[in-house]
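K.L.:
the following block contains a protein sequence and its predicted model.
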Amino acid sequence: MPGAAMADEPLDTGQSIIRKQIAAFLSDDAATAYSFASPAIQGKFVNQDMFFEMVKRAYQPVYRPGNFAFGRSKVSDSEIVQEVVIRGPDGKDWTALYQLTKQPDGSWKINAVRMMQAAPGPEI
């Protein structure tokens, strides 16, 4: 079913980007972690170090996850919303809702992450 493979492609790409960014956080690789952020996010931070410091302060479960698993997702032509269940460094479970947006060059970038201690509702 070639159509099914194509439908999964943006989702697979989005999940790969999320995995790579988390790996960069775990390796303290600010440049690589920053490279996965959308131009809108990069525009909010003067440089990769400021971005990295914000993530350390505000997104501890993403910065230092114990483990994580992908949950539900929603894909359109220009956006991916991916639920990620994360065990934080404090042992608490979190849900991170990642929003990735398609860029003019066809690549995908992380445009937002919303952290919640409770799972989101029935729709994402």
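P.N.:
Nice, thanks for sending it over.

K.L.:
how about the helix or strand of the chain with the lowest mean pLDDT, which residues are buried there?
P.N.:
Lowest by mean pLDDT, DSSP states H and E among the helices and strands of the chain is helix 2-26, with a mean of 83. By neighbour count on 16 or more other Cβ atoms under 10 Å, the buried set for helix 2-26 is 10, 11, 14, 15, 17, 18, 21, 22, 24, 25. Glycine gets a C-beta too; all of them are placed from N, C-alpha and C.

K.L.:
the third one and residue 101 touch, don't they?
P.N.:
When you say that, I think you mean residue 14. No. Residue 14 lies out of contact with residue 101 (Cβ atoms under 8 Å); the separation is 10.2 Å.

K.L.:
joint contacts of the two?
P.N.:
Taking Cβ atoms under 8 Å, 6 or more residues apart in numbering as the criterion, residue 14 and residue 101 both touch residue 108.

K.L.:
ok, of the buried residues of helix 2-26, which one's closest to residue 66?
P.N.:
For the buried residues of helix 2-26, the closest approach to residue 66 (Cβ to Cβ) belongs to residue 22, at 11.5 Å.

K.L.:
so what's the closest one up against?
P.N.:
62, 65, 68.

K.L.:
as a markdown table, those with secondary structure and distance to residue 74 would be great.
P.N.:
Shown next, in a markdown table, are those (DSSP: H, G, I helix; E, B strand; the rest coil; distance: Cβ to Cβ, whole Å):
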| residue | secondary structure | distance to residue 74 |
| --- | --- | --- |
| 62 | helix | 20 |
| 65 | coil | 22 |
| 68 | strand | 18 |
